[in-house]
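*Asks:* Output the structure for:
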Amino acid sequence: MYSKYIIFLLFISLLLSCGLQPEYDLCIINGKIVAGDSNPWYIADIGIKNEKIVYIGDISKPHAQKVIDANGLYVCPGFIDIHNHSDRTIVNIPTADNYLLQGVTTVLGGNCGGHYYPVSEQFQKLKKKGIAINFCTLIGHNTIREEVMGLKMSAPSDEELDKMKKLVDQEMKSGAVGLSTGLAYMPGRYAETEEIIELASIVGKYGGMYASHIRNQGENITESIQEAIEIGEKNNVRVEISHIKLCIEPNWGKPEVITSPVEQARDRGVEVFTDQYPYNATSSGFSSSFPAWSLEGGTDQLKERLKNEQSYEKIKQYIIEKRLISQKGIDKLATIYIGNYEEQPDWEGKNLREILISLHKKPTISNGADLIIDIQKNGGASCVFFQMQEEDTENLLNLDYNMIASDGAVTEYGKGVPHCRNYGSFPRIIRKYVKKRDLFNLPEAVRKMTSLPAQVIRLNNRGMIKENMFADLVVFDLDKIKDTATYSDPHNYPEGVDYVIVNGIVSAENGVPTGLLPGKVLYGPGKK
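*Replies:* Now for the predicted structure:
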């Protein structure tokens, strides 16, 4: 018996000494590997089996079901979009082409205070239907608050707060990775800091994270960042400040209004990070341009208030001051474009000035405010707002604790005129900010899009090219990679992203989706 065992070991040793490699499901050979750790690229082969990277080195004679020769190409971890809203759409568009073809292999939904409730139901649907990319989600505070309190403009009672905490606990046990707030949106605008601290304490028990669309991104941005940090610090929860930007004219050229509170907190040991999309225009609806009291109770109540002449004028003046006045003489009507508006699809892609002229109205600030009110009371619209300057965008992108994100969602091709970030955010970083602007080098750009967001979410087996990590990979041509989506023509996929591998399966080849759905639901630390 022992002699047969010894002979078997000798046989295996002989095979290995002859240079034979184990059989892989997939091999990527001759590629320039950018591992996600900020180190310079190096040339090696990658062997993948059973969803994971099992070997990195020299595979001189690859024995694999499929071999990708990446000679002259770069191989990096799949991009992780840490600020995404695909919880709204991915169930209906599981191929997620507009993200897959960017090289994104994982998205984190549930941002800005809203999520698909309950997450257990969404997870079941995604597992049954299949998805092309990996998906994880936060718990939206606005969703939880509205579930318990509706759109009441008041602090929660003890009973209501207890119900909200129980729902947060339920969602964490179902697999959410943390809590998000949208304190500029309804009904989050009604919540005081203590309410969020209480809810974040539940997340803290499970080792989750706290991501915040802060209360004010304008004149009170520093205080709003400090509020988010306080919520995390009191619960020993890591904090992510969502889509940082300098979006009001008085803050242009003043990155310190963001960096000072973040870096002071980091200096005292608070785990704070930020994310940013690489564009100078934002995208949202008009609700944050209305006074909070006017939106209590929802659209029907807003319509009733608008019938009162005094209330109408108060709301209108608020919108003018909040959205339409420029200290630098900028025509704000020309900087606000309609992205998606079901009531008037022919307005999509047009700015407010153009719409007013088409209605035979003078393009005045007063008429612009009236137009915004009409749009909101007729169901609202998604819009693109040009609010930032390039110098500020670059200064913030270069922060070492700042991650790249899109703030977009899985999008139906050809529908509306959405922000081009839905199609181009990640290739744009490489084309514009690595190659053209030389803002940072390729390894640092990759870190901001892979291992850093994986670290923040706590995806401990993704975001790096290392043995035993899940094989989420992107193979791209550095000379050809570029975003092709524009503000006026956003529904265009990027170029130069040759292969995308999700959990060891080739999901895009030669820039075309394979139609396979190898993505997974990724659960948070509280999953039971």
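
*Asks:* Go ahead and flag the most central residue of this structure.
*Replies:* Among the residues of the chain, the one closest to the centroid is H83, at 2.0 Å (Cα atoms, centre = their mean).

*Asks:* State the pLDDT value of that one.
*Replies:* In this model, H83 is scored at 98, pLDDT.

*Asks:* Not counting sequence-adjacent ones, nearest residue to it?
*Replies:* A405 (3.5 Å; Cβ to Cβ, 6 or more residues apart in numbering). C-betas here are computed from N, CA, C, even on glycine.

*Asks:* how far away is the one you found from L108?
*Replies:* 9 Å (Cβ to Cβ, to the nearest Å).

*Asks:* All the helices of the stretch 1-150 of the chain, in order from the start?
*Replies:* Assigned by DSSP state H, counting those that start in this stretch, the stretch 1-150 of the chain shows helices spanning 2-17, 97-100, 119-129, 141-149.

*Asks:* ok, and what's touching the second one?
*Replies:* Pointing back at helix 97-100 there. With contacts defined as Cβ atoms under 8 Å, 6 or more residues apart in numbering, helix 97-100 is touched by 81, 84, 86, 107, 132-133, 406, 408, 410-411, 413, 422-423, 493, 500, 502, 507-508, 513.

*Asks:* Please go through the protein and pick out the longest strand.
*Replies:* strand 24-33 (DSSP state E).

*Asks:* So which elements touch that one?
*Replies:* strand 42-49, strand 52-57, strand 64-69, strand 74-77, strand 473-476, strand 497-502 (3 or more Cβ pairs under 8 Å, 6 or more residues apart in numbering; DSSP states H and E).

*Asks:* export these to CSV and tack on mean neighbour count and distance to K436?
*Replies:* Conversion of the helices and strands packed on strand 24-33 to CSV gives the following (neighbours: other Cβ atoms under 10 Å; distance: least, Cβ to Cβ, whole Å):
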stretch, mean neighbour count, distance to K436
strand 42-49, 20, 25
strand 52-57, 18, 31
strand 64-69, 16, 28
strand 74-77, 26, 17
strand 473-476, 26, 16
strand 497-502, 26, 18
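
*Asks:* export those strands to TSV and tack on mean pLDDT and distance to E194?
*Replies:* Formatted as TSV, the helices and strands packed on strand 24-33 follow (pLDDT from 0 to 100; distance: least, Cβ to Cβ, whole Å):
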stretch	mean pLDDT	distance to E194
strand 42-49	98	49
strand 52-57	97	44
strand 64-69	95	54
strand 74-77	98	39
strand 473-476	98	43
strand 497-502	98	41
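
*Asks:* okay, these in a markdown table with distance to S287 next?
*Replies:* Listed next are these as a markdown table, based on distance: least, Cβ to Cβ, whole Å:
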| stretch | distance to S287 |
| --- | --- |
| strand 42-49 | 46 |
| strand 52-57 | 44 |
| strand 64-69 | 46 |
| strand 74-77 | 36 |
| strand 473-476 | 36 |
| strand 497-502 | 35 |
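
*Asks:* Quick one: closest of the ones you listed to S260.
*Replies:* Of all these, strand 74-77 sits nearest to S260, with 31.7 Å by Cβ to Cβ.

*Asks:* quick check, distance from the closest one to the centre of its chain.
*Replies:* Centroid separation for strand 74-77 versus its chain: 20 Å, with Cα atoms, centre = their mean, to the nearest Å.

*Asks:* Equivalent analysis for stretch 152-160, please.
*Replies:* 30 Å.

*Asks:* Residues contacting it, please?
*Replies:* 145, 148-149, 164, 187, 190, 192, 195, 292-293, 296.

*Asks:* what's the farthest-apart pair in those residues?
*Replies:* Across the contacts of stretch 152-160 (Cβ to Cβ), the longest gap, 22.0 Å, separates M164 and W293.

*Asks:* Minimum distance to A334: which of the helices and strands packed on strand 24-33 has it?
*Replies:* Comparing the helices and strands packed on strand 24-33 by Cβ to Cβ, strand 497-502 comes nearest, at 33.8 Å.

*Asks:* Given the closest one, what are its sheet partners and their directions?
*Replies:* strand 473-476 (antiparallel), strand 505-509 (antiparallel) (DSSP bridges).

*Asks:* Same list, the ones you listed, but as TSV with distance to K332 please.
*Replies:* Output for those, formatted as TSV (distance: least, Cβ to Cβ, whole Å):
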stretch	distance to K332
strand 473-476	38
strand 505-509	40
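
*Asks:* Out of the ones you listed, which gets nearest to V54?
*Replies:* So among the strands paired with strand 497-502, strand 473-476 is nearest, using Cβ to Cβ, at 13.3 Å.

*Asks:* Would you mind putting the CA coordinates of that closest one into PDB?
*Replies:* The C-alpha trace of strand 473-476 is given here as PDB (Å, rounded to 0.1, in the frame of the first residue of the first chain):
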ATOM      1  CA  LEU A 473     -10.800  41.300 -14.100                       C
ATOM      2  CA  VAL A 474     -10.600  43.900 -16.900                       C
ATOM      3  CA  VAL A 475      -8.300  43.600 -19.900                       C
ATOM      4  CA  PHE A 476      -7.900  46.900 -21.800                       C
END
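
*Asks:* sorry, back to before: among the contacts of stretch 152-160, name the ones in strands.
*Replies:* Per DSSP E, the subset of the contacts of stretch 152-160 in strands is empty.

*Asks:* about what we covered before: out of the helices and strands packed on strand 24-33, which gets nearest to N367?
*Replies:* strand 497-502 (44.1 Å).
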